[in-house]
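Asks: Make a model of this:
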Amino acid sequence: MTRSQLIAQTQEKCPDLERRTVEEAVYLFFNEISSALQKGHLVELRGLGSFCVRQRKERIARNRKSGEKLKTASKKFLFFIWKGLPRLVEYYSHPKFSQISSYTVQSHPFNVQKCEFSLI
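Replies: The predicted structure is shown next:
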């Protein structure tokens with residue numbers, strides 16, 4: 001799903017909000033996550049997982065074509081830890097959901113009070 005698709009789908013689910021308001025909310029959400037990660041904070045999205053920035057050590061690598069040894073610099077990378085997402089994907093991939101275009105669950109086994117989604 002792209003950012004514009006997220007905005008469009010949110011707009012469909014909340015027709016009382018103007019598109020500009022939805023766009024600002026989505027951009028603000030992603031900017032806050034990016035800002036927190038740049039500061040070195042852990043970002044936890046309950047029911048989905050956690051994002052953090054990790055440091056990869058400098059190491060010796062090898063060029064596969066020439067066999068030449070190269071020294072790679074240390075670098076930062078984004079690390080994502082899945083927590084609740086695999087269980088939700090497994091739960092909603094059950095055959096009973098295969099013919100549904102949209103569905104609202106009031107409670108389910110993972111203690112989520114309300115979960116709205118649509119299958120593509």
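
Asks: Can you pull the domain assignment for this structure?
Replies: Domain assignment of the chain by automatic domain parsing yields the ranges 1-41, 42-82, 84-120.

Asks: after the longest helix along the chain, next one along is what?
Replies: Counting residues, the longest helix in the chain under DSSP state H turns out to be helix 19-38. Sequence-wise, the next helix or strand beyond helix 19-38 is strand 43-45, with elements assigned using DSSP states H and E.

Asks: Give me the contacts around that next one.
Replies: I33, A36, L37, S50, F51, C52 (CB atoms under 8 Å, 6 or more residues apart in numbering). Where C-beta positions appear, they are placed from N, C-alpha and C, glycine not excepted.

Asks: List the contacts of the fifth one.
Replies: The neighbourhood of F51, defined by CB under 8 Å, 6+ apart, consists of I33, L37, L42, V43, E44, L45, L78, F79, F80, I81.

Asks: From the residues you listed, keep the buried residues only.
Replies: Buried residues within the contacts of F51, defined by neighbour count using 16 or more other CB atoms under 10 Å: L37, V43.

Asks: Outside of the helix or strand Q11 falls within itself, list whatever touches it.
Replies: Assigned by DSSP H and E, Q11 belongs to helix 3-13. Contacts with helix 3-13, where a contact means CB under 8 Å, 6+ apart, come from M1, L17, R19, V22, E23, A25, V26, F30, E116, S118.
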